[in-house]
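>>> Got a sequence here, can you build the structure:
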Amino acid sequence: MPTVRNAWRRRIVAAVLVLAAPAAAAAQIAPAEHAQRRAQLAAAIGDGVLLALGAPEPSADYLSFFQSSRFLYLTGVREPDAALVMVKRGGDVRSILFVEPRDPATEVWSGRRMGPEGATRATGIPARPAGELAMVLDSLLAGAPAFWVVGDFANPTGAPGFGDIHTRDDQIVQAFAERNPRLRTVRAVNDVIDRLRGTKSAAELDLLRKAAAITVEAHREAMRFAEPGVNEFELQALIEFTFRRNGADRPGFATIVGSGPNSTTLHYNADDRFTRAGEVVVMDIGASYRGYTADVTRTIPVSGTFTADQRAIYQIVRDAQAAAERQVKPGARSRAMMDSAAMTIAHGLARLGLVEAPDAVYDCEVGGQRGECPQFALHFMHGLGHGIGLDVHDPEQYYLTGRIAAGSAFTIEPGIYVRENVLETLPDTPRNRRVIARLRPAVERYRNIGVRIEDDYVVTAEGVEWISKAPREIDEVEAAMRESWEGPAPRRPDLVEWYRATEPTGGR
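Here you go, the predicted structure:
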């Protein structure tokens with residue numbers, strides 16, 4: 001209806017400010033790149049109004065704040081309670097950023113805010129006080145054909161706010177939708193942003209390289225420091241100290257330092273056990289640098305030298321990783337990495353008697369139904385890897401295409417975990433009783449040995465790059481552990497100088 005369309009056009013003109021030119025400011029990602037991301041998002045959705053919600057202020061001002069990855073991807077804004085509104089009408093796309101205003105009394109407690117003027121200088125997006133969001137958005141939604149939303153939703157692919165479970169963002173979207181009942185479409189477009197995030201830009205790949213370099217330094221420090229009697233929390237403290245000393249924001253995820261039986265728990269992060277001679281330690285760690293997270297795992301012998309049994313397990317895992325690495329080529333099928341690694345592990349476990357044969361199976365429960373599962377999955381039960389980026393498990397383009405390509409950033413992380421109670425997890429069937437009897441001697445021999453080796457890779461037009469070059473061959477790990485530890489290593493000048501050159505100018 002022409003009348004509605006013209007009224008909507010007037011509201012757009014009244015509510016949206018003219019785009020300001022981006023100010024030259026040091027930042028992790030240039031404002032122009034954020035603008036390109038918003039343009040790509042706009043091109044992927046229909047006409048309407050888009051609302052992207054940032055993360056809220058923590059319930060107490062002494063708690064750490066972390067921005068929503070999708071909002072950070074679109075704006076670069078790290079302050080809480082921010083929102084982005086985009087209005088698309090044909091070929092015309094305009095944006096408004098909403099941020100908390102400057103407030104000296106509040107800033108005493110939680111730090112300096114950008115305020116609308118500072119936000120516009122930093123991002124190039126016209127900005128208004130956060131308190132005006134409801135008024136402006138209701139005006140824009142009146143007569144709009146669609147309401148596209150980005151946020152933390154209980155059902156991120158459906159209509160937010162109308163299910164049985166409501167997040168904070170669900171409640172916000174539902175309130176706007178109920179006040180504007182003429183909306184024909186209310187839909188989350190998180191998946192659209194995730195598709196964009198799956199292909200990393202040159203700037204993003206460079207940040208991942210820096211995150212990986214810091215993580216490698218932490219692994220080297222831990223290898224030099226480790227010895228029998230050291231507690232897992234001491235290794236954790238040294239690792240995280242090394243992160244921060246070299247300019248990392250924080251750990252990108254809960255630091256995993258698992259010794260002895262803890263080495264066989266995939267996401268163990270209590271980190272509070274004293275290590276003992278003759279054990280291995282799995283250290284799965286990642287520095288977050290300017291928001292981008294590495295993910296690198298090394299397994300080391302507490303005593304500095306692998307036992308014969310530990311070497312046997314370790315070498316199978318390393319061989320599996322090498323087999324997967326040989327499949328990493330631009331244009332290659334990503335599934336080939338897993339197939340090669342799984343075959344290597346299956347044959348290696350068969351040699352050790354930890355499975356009956358490379359293709360042996362056991363009775364298991366699959367989706368509530370009795371089925372057959374490969375025996376090698378008793379000791380290698382996770383996927384081979386995942387994308388990395390703003391989140392440690394980040395969207396990766398090969399999830400959708402099945403192909404490795406320029407802009408890919410991912411891990412390869414095979415593992416073998418011989419849990420002492422693994423045979424107790426098998427359903428009680430005649431076949432499984434025979435399997436248990438045959439495998440028990442090997443499980444007893446190798447129990448409590450967990451080995452994971454994980455590295456990070458990025459793909460450019462020039463090819464594939466291994467960016468996490470911490471010691472990983474058996475002789476390299478043992479040599480690193482023979483190096484004397486005489487206190488924390490100095491900062492790496494190259495990383496710190498790069499940090500100074502890109503230090504943020506405002507915001508959190």
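>>> alpha carbons only for contacts and neighbour counts from here, please
OK.
>>> Find the centremost residue of the protein, please.
The centre of the chain sits closest to residue 392, judged by C-alpha atoms, centre = their mean, with a distance of 1.7 Å.
>>> Now find how far off-centre the strand or helix carrying residue 117 is within its chain.
Per DSSP states H and E: residue 117 is located in helix 115-123. Mean-position distance between helix 115-123 and its chain equals 28 Å (C-alpha atoms, centre = their mean, to the nearest Å).
>>> Beyond it, next helix or strand please.
Using DSSP H and E, the first helix or strand after helix 115-123 is strand 127-129.
>>> got a list of contacts for that following strand?
The contact list for strand 127-129 (C-alpha atoms under 8 Å, 6 or more residues apart in numbering) reads 96, 97, 98, 99, 100, 101, 115, 116, 117, 119, 120.
>>> among those residues, who's most crowded?
Neighbour tally across those (other C-alpha atoms under 10 Å): the maximum, 28 neighbours, falls on residue 99.
>>> Quick check, that one in contact with residue 85.
No - taking contacts as C-alpha atoms under 8 Å, residue 99 lies outside contact range of residue 85: 11.5 Å.
>>> What's the local residue count around the residue nearest to residue 222 when sequence neighbours are not counted?
Nearest-residue entry for residue 222: residue 235, 6.0 Å, with adjacent residues in sequence omitted and distances by C-alpha to C-alpha, 6 or more residues apart in numbering. Neighbour count for residue 235, taken as other C-alpha under 10 Å: 24.
>>> quick one: average confidence on the one helix or strand residue 235 maps to?
Assigned by DSSP H and E, residue 235 belongs to helix 232-245. The average pLDDT within helix 232-245 is 98.
>>> Pull up the pairing partners for the next helix or strand after it, direction included.
With elements assigned by DSSP H and E, the helix or strand that comes after helix 232-245 is strand 250-251. Take DSSP bridges as the rule and strand 250-251 pairs in its sheet with strand 287-289 (antiparallel).
>>> Show me the contact partners of the partner strand.
Counting by C-alpha under 8 Å, 6+ apart, residues outside strand 287-289 touching it are 207-208, 210-212, 214-215, 243, 247-252, 293-295.
>>> after that strand comes which helix or strand?
According to DSSP H and E, the helix or strand after strand 287-289 is strand 292-293.
>>> Averaged pLDDT, that next one. What do you get?
So the average pLDDT for strand 292-293 ends up being 98.
>>> what are the pairing partners of it, and which direction each?
Counting by DSSP bridges, the strands paired with strand 292-293 are strand 287-289 (antiparallel).
>>> Show the average pLDDT along the partner strand.
If you average the pLDDT values across strand 287-289, you get 97.
>>> The contacts of strand 127-129: which two are farthest apart?
Within the contacts of strand 127-129, 96 and 101 form the most distant pair, 14.5 Å apart (C-alpha to C-alpha).
>>> Next up, the contacts around residue 444.
residue 420 are the contacts of residue 444 under C-alpha under 8 Å, 6+ apart.
>>> Quick check: it is in a strand.
No - counting by DSSP: H, G, I helix; E, B strand; the rest coil, residue 444 is not part of a strand but helix.
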